[in-house]
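S.K.: Predicted model and sequence follow; I will ask about them next.
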Amino acid sequence: MNKIIAMTFLAAAALFAGCASTPEPTDPLPPDSAASSGSEDGLSGSGVDRRSWQEGEITGSTDSTAADRDAASQRPMETLIYFEFDSAVLGDTALRIVDAHAAYLRNTTEARVRLGGHTDERGTREYNIALGERRAESVRRALLLRGVPRAQITVVSYGEEVPAATGSGERVWAQNRRVEFNYLR
Amino acid sequence: MDLYLKTPQWIVLLTLLALAPVVEAALEVTVRGGRQDAVPVAVVPFAGTEQGDDVAAIIADDLSGSGLFRALPRNDMLTRPTHPDQVRYVNWRSVKVQHVVLGRVEPREDDTSTLRFWLLNVPQERESLSFSFSSRNVDLRYAAHRIADQIYQELTGIRGVFNTDIVFVTSAERDGAQEYRLVMADADGANERTLTRSREPLLSPAFSAQRDRVAYVAFQDGLPGIYVQTLENGQIRKLVSREGINGAPAFSPDGRRLAATLSFEGNPEIYWIDLASERTTRLTRNSAIDTEPVWSPDGRSIYFTSDRAGRANIYRMDSTGGGVERITFEGISNARPDMSPDGKRLTYVQQTRNGYQIAVHELDSGETRLLTPGPLDESPRWAPNGDVIIYSAKGTNGRAELATVTVSSGVRRELRQAGEVREPAWSPFVD
């Protein structure tokens, strides 16, 4: 059953990738594409084609790590590193967590980790995407300094888009300013 | 001192839901800080609209929604003329109306109608505007917005934006998981159309100046990409998805390039992406964050956010890179600029002791005013008339909602629905 769902996702993803990878010409709207018949004196043509929209869809497989978690006995239990406001500086607690993951990654050369950078809701969204990346990059640098091969690490920032906790106030914000270790294998 | 504090603190509650066709989650509209001296107008029901779109109601809601006008309730109309010859001005003076709008919708043999309307000045007892044009019957709603635009321009000197579109991102739970939608709607929030759906975040939509395409950021399998969607046929093109950030797309005025933020070279920098060749050209070289580019209307400058001086601030550079100058010095930080269509003003988010507020900045004088109360206002974008700004705010229920503020009057409107509504962008004028 799960397999069927996964297949469906894959098929959808493949279909999407097929569409997306074909370079499409970016022609402007054909002139008078929706002109109403015989209206010479006014509104026709302009804006009336606003109804002729089509819905697109972005699909992708989700949650591929659930099955992996069982096999993670040697993986460090702590997979979250927290940050101060507008900061990417790693504190002592953060460095202890980094040490543990560095040891695991060095010993498990087939392991691959994705570092997901996150921010709280304050500040603008694209700035927060950049700030989340700065946080994830500072964790990556610390792992590289500890001898982890670059090929084992990828970095992605979600900015404020995927909060761990919802609401406002420092308690919520502190939980959201984080880097997550996501092991892909 | 701040404009929003000067506006009267009374609230006009105006629910425009009646306007909306049956859609899954129409935006509910609230007007705040409407003018106590709002000009009373009467929009008489148009002849020929007993069935179908209520053209007069759409016009009345547009004008009232601006906060500058107050529409006379229909029950208070002593007569309902549909031609200037039927008007007795004394009837309108007695209910203290300054302007009367009359009109007729006359069906023709094909699926179109002829619309006529008249704007009458009651104190002067004269016709100040009259116009007729044709419209497809299915587009009477747009024809009504267009009439409202003409009336607004005649009475305020500023072009109306009722006959334009907005796009925005919604986020709500569906079937036990978060669903993100990129939605297009009429400027009054009615007539919602889903452009894109995804189980992963969508953000940063931007219109092309030609109004034919929308660029945005979508995540797929946890990784971001910049996508360009053609509105006419819904075709989605994945333009770029390199390692790191793929964000903040902004069409060049000629529609041939995007400015965007990429970090595949190790740090968030601003690039051009040529839409035909997909070639990227790097514009910034700095170890700080450089992001949120936006073009000046003449295509010569790019304004952007950078924290190269420690905190985020707005900078300008030549659109070929180089010539960087800092624009903002007030507040704790400043980010996410958008430039007015005449190239004279910026809006951006200013961080103050009150949180994050929307500011407007006159480039000639450097004068800056805060337009909104905060505390978590973001994503400001100009309407095409350069007088209204749409942005997102945190509503009282804790969810993001949209709001507009009119720079010249200080009137604010809120547009909310059950889920989160955020990341707005306003279309260019339709014609």
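M.R.: Cool, the structure landed. Numbers count the residues shown, from 1 in each chain, chains lettered A, B, ... in the order given.

S.K.: May I have the beta-bridge partners of residue B:401?
M.R.: According to DSSP bridges, the partner residues bridging residue B:401 are residue B:393.

S.K.: count of neighbours near it?
M.R.: Residue B:401 is flanked by 22 other residues according to other Cβ atoms under 10 Å in any protein chain shown. In short, each C-beta sits where N, CA and C put it, glycine included.

S.K.: my read: it touches residue B:379, true?
M.R.: No - Residue B:401 is beyond contact range of residue B:379, at 11.7 Å (criterion: Cβ atoms under 8 Å).

S.K.: which residues do the two both contact?
M.R.: B:392, B:422 (Cβ atoms under 8 Å, 6 or more residues apart in numbering or on different chains).

S.K.: Go through stretch B:199-219 and flag the buried ones.
M.R.: For stretch B:199-219, the neighbour count (16 or more other Cβ atoms under 10 Å in any protein chain shown) marks B:199-209, B:211-219 as buried.

S.K.: near chain A, from those residues?
M.R.: With Cβ under 8 Å from any Cβ of the partner chain as the criterion, those include B:199-204, B:212-213, B:218-219 near chain A.

S.K.: Farthest pair within the residues you listed?
M.R.: Greatest spacing in these, by Cβ to Cβ: B:199 and B:212 (27.3 Å).

S.K.: in the stretch 151-300 of chain B, what residue is nearest chain A?
M.R.: For the stretch 151-300 of chain B and chain A, the shortest gap (Cβ to the nearest Cβ) falls at residue B:234, measuring 2.6 Å.

S.K.: I'd like the distance between that residue and residue B:196.
M.R.: 8 Å (Cβ to Cβ, to the nearest Å).

S.K.: quick one, helices of chain B?
M.R.: Along chain B, counting by DSSP state H, helices occupy B:3-6, B:55-65, B:89-93, B:140-156.

S.K.: how far is the longest one from where the chain is centred?
M.R.: Here the centre of helix B:140-156 is set off from its chain's centre by 16 Å, with Cα atoms, centre = their mean, to the nearest Å.

S.K.: check whether that helix contacts chain A.
M.R.: Yes - judged by Cβ under 8 Å from any Cβ, helix B:140-156 and chain A are in contact via B:142-143, B:146.

S.K.: who wins for neighbours among those residues?
M.R.: Highest neighbour count within the residues of helix B:140-156 next to chain A: residue B:143, with 28 neighbours (other Cβ under 10 Å).

S.K.: follow-up on the earlier one: from residue B:207, how far off is the residue of the stretch 151-300 of chain B closest to chain A?
M.R.: Going from residue B:234 to residue B:207 by Cβ to Cβ gives 16 Å.

S.K.: Next: residue B:241.
M.R.: Taking Cβ to Cβ, one finds residue B:241 at 21 Å from residue B:207.

S.K.: possible to save the ones next to chain A among the buried residues of stretch B:199-219 as TSV with distance to residue B:162 and pLDDT?
M.R.: Putting these into TSV (distance: Cβ to Cβ, whole Å; pLDDT from 0 to 100) gives the following:
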residue	distance to residue B:162	pLDDT
B:199	34	96
B:200	34	96
B:201	31	97
B:202	27	97
B:203	27	97
B:204	26	98
B:212	21	96
B:213	23	97
B:218	30	97
B:219	34	97
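
S.K.: who are the neighbours in contact with residue B:38?
M.R.: Counting by Cβ under 8 Å, 6+ apart, residue B:38 touches B:67-70.

S.K.: Between these, which sits nearest chain A?
M.R.: residue B:69 (22.9 Å).

S.K.: The closest one against residue B:39, yeah?
M.R.: Yes - shown here, residue B:69 and residue B:39 form a contact pair, counting by Cβ under 8 Å, at 5.1 Å.

S.K.: who touches both of these two?
M.R.: Common neighbours of residue B:69 and residue B:39, using Cβ under 8 Å, 6+ apart, are residue B:155.

S.K.: And those two? Which one has more around it.
M.R.: More neighbours surround residue B:69 than the other of residue B:69 and residue B:39, with 24 against 14 (other Cβ under 10 Å).

S.K.: Which pLDDT value goes with residue 12?
M.R.: Using chain A here. For residue A:12, the pLDDT comes out at 42.

S.K.: my bad, the chain I had in mind was chain B
M.R.: On pLDDT, residue B:12 comes in at 32.
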